[in-house]
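Q: next input, structure requested:
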Amino acid sequence: MAAGTLIVVSAVLAELLAARRSVLNQAVADARHRWPGLDMAAFSAFVTQTIDPLCQAIQRHHPSATQSTCEAAFEIGLELVAQGHAGPKARLPWVEQAWRSLAPALAPLLADAPRETLGTISNAVVRLGASPDIRVAQWIDAMAAHAGGCTSLPELRDIGALCAWQAGMVQLRRPALARIDALPANTVAAVLGIDAGDLASVRVQLEQDRWWNPRQGSVDLRGHRVGSFSGLDGAFPAPPQVRATTEGFVVESAGGYFLLLADAFGAVLLPASAAEYAAGSSSGPAPDVTARLGVQWMAPALSKDDLCAVSGASGIALFSPWSHHVHVLPPQ
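A: All right, here's what the predicted structure looks like:
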């Protein structure tokens, strides 16, 4: 660390800091030049609270990877703290949680590619955390439980995509399904919560029905609610209008456009264009289709005559001029 900075760490990290003092001090100097506002007190806290426990865990399980992992963690940590993704002032807690509970499980990969491995999981949780509808803690837990046997970074990324889809990142549904055959069957089955012998039939079912949940062996008819008022950290500044597409729905709100994707594991809003909205369908469900909606979504003053419905291949979207939400249901 730079002169004048005092941190109390374990003997494992203290020995590394002493042995690599000149290299790490140069990393600090370079970081402070690149990010003049870098909070060194926040970085010191990150070193003691996150990097030190990581180094101790690696030392216990894979001692040969300790030095390279800790040095990489130190250098990457400077950037993460400077960008507000790590440290006590971080906007979200996910980097710390991933480094503490997931990174030690990846010790063999860290031994071969410490910077790339830490960078991969850090980038993943930052991306996942950027969406309020993604269950990041679930992703970290699933990866810690099932990714320890990864033998390469591509395999780690593929399992990461599968776990992210299960945690609500619906846009990864097709890429994750496409990569299932490249992954160990036992790992895929564990992530999906099924027996390995059922994987082939489960994959077919997942391909055919986006709303089918293999853990339950059924479709949850409650669907998902997305949106809310932008003034309260939601997505829509005005009550939305919705049109159906082949993959989901395109939503318009006050001149802004969003692609709404939904399946059994969640719903997400992505950027879209006016052209995509114009190309969508405003057709409602067939007369014999009945959409059941929980009363918690419907405000007491909401008249059913004001409730609008659009139907497409991926489900039914319900919306109203009196609400900033869209409720997406599976075809019923």
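Q: confidence score at the residue nearest to D209 when sequence neighbours are not counted?
A: Here the nearest residue to D209 in space, its sequence neighbours aside, is V219; by C-beta to C-beta, 6 or more residues apart in numbering that works out to 7.1 Å. From N, CA and C alone the C-beta is placed, and that goes for glycine too. The model reports V219 with a pLDDT of 91.
Q: for I76, same thing?
A: 96.
Q: the host helix or strand of L118 packs against which elements?
A: According to DSSP states H and E, L118 maps onto helix 114-129. If you count contacts as 3 or more C-beta pairs under 8 Å, 6 or more residues apart in numbering; DSSP states H and E, helix 114-129 packs onto helix 66-82, helix 94-97, helix 107-112, helix 136-146, helix 153-166.
Q: and the shortest one, what other elements does it pack with?
A: With contacts defined as 3+ C-beta pairs under 8 Å, 6+ apart, the secondary structure elements packing on helix 94-97 are helix 114-129, helix 136-146.
Q: how far off centre is that helix?
A: Distance, stretch centre to chain centre, for helix 94-97: 12 Å (C-alpha atoms, centre = their mean, to the nearest Å).
Q: could we number from 296 for the rest of this?
A: Shifting the count to begin at 296 puts that one at helix 389-392.
Q: sort out which residues of that helix are buried, please.
A: W389, V390, E391, Q392 (16 or more other C-beta atoms under 10 Å).
Q: also the fourth one?
A: By neighbour count on 16+ other C-beta under 10 Å, the buried set for helix 431-441 is V431, A432, Q433, W434, I435, D436, A437, M438, A439, H441.
Q: wait, which of those is closest to R452?
A: Within the set of the buried residues of helix 431-441, M438 lies nearest R452; the separation is 10.9 Å, counting by C-beta to C-beta.
Q: just the closest of the buried residues of helix 389-392 to T540, please.
A: Proximity of the buried residues of helix 389-392 to T540 (C-beta to C-beta) peaks at W389, which lies at 30.9 Å.
Q: got a list of what the closest one touches?
A: V420, V421, L423, G424, V431, A432, I435 (C-beta atoms under 8 Å, 6 or more residues apart in numbering).
Q: farthest-separated two in those residues?
A: Checking these with C-beta to C-beta, the most distant pair is V421 and A432, at 14.5 Å.
Q: A440 reaches T482, doesn't it?
A: No: in this structure, A440 is not within contact of T482 by C-beta atoms under 8 Å, at 9.9 Å.
Q: show me the one of the helices and strands packed on helix 409-424 that comes nearest L308.
A: Judging the helices and strands packed on helix 409-424 by C-beta to C-beta, what sits closest to L308 is helix 361-377, at 6.3 Å.
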